[in-house]
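In: Below is the structure, and that's it, no one-letter string:
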């Protein structure tokens, strides 16, 4: 998305929250993005192919961060509108075992 599309997208995205977008250092964005992908891969999930295009804008990642993922030491899944919850739950069950993750499923 170009700058104009981003300026139009942000208010729409943040309208669901009671907060304004804030700027963060690229190092933090990098840790969240790459750390999240690393965490997800460890659970059996791969990012979309288009992640590579975005990743190039974040620069090189050292592979270490103080950011942790999951909730209370376990994976925590909240389904999105385009998810297949059954598939995600099967993958989590296979990777960490039944009862070793939490989830919150929303009805759409």
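Out: The structure has been received and is ready for your questions. Please read these numbers as outputs of a predicted model, since none were measured by experiment.
In: burial count for the closest residue to residue 88 other than its chain neighbours?
Out: Nearest residue to residue 88, sequence neighbours excluded (Cβ to Cβ, 6 or more residues apart in numbering): residue 77, at 5.8 Å. (Each C-beta comes from the backbone N, C-alpha and C, glycine too.) The tally of other residues near residue 77 (other Cβ atoms under 10 Å) stands at 19.
In: What pairs with the helix or strand harbouring residue 77, parallel or antiparallel?
Out: Residue 77 belongs to strand 76-78 when elements are defined using DSSP states H and E. Paired with strand 76-78 in the same sheet, following DSSP bridges, are strand 102-104 (parallel).
In: So what touches the partner strand?
Out: 71-72, 74-79, 85, 89, 92 (Cβ atoms under 8 Å, 6 or more residues apart in numbering).
In: One more: stretch 61-71?
Out: 30-32, 34-36, 38-39, 76, 102.
In: Which among those count as buried?
Out: 30-31, 34-35 (16 or more other Cβ atoms under 10 Å).
In: just these now: which is nearest residue 46?
Out: residue 34 (13.7 Å; Cβ to Cβ).
In: quick one: average pLDDT of the host helix or strand of that closest one?
Out: For residue 34, the host element (DSSP H and E) is helix 26-42. Helix 26-42 shows a mean pLDDT of 93 in the predicted model.
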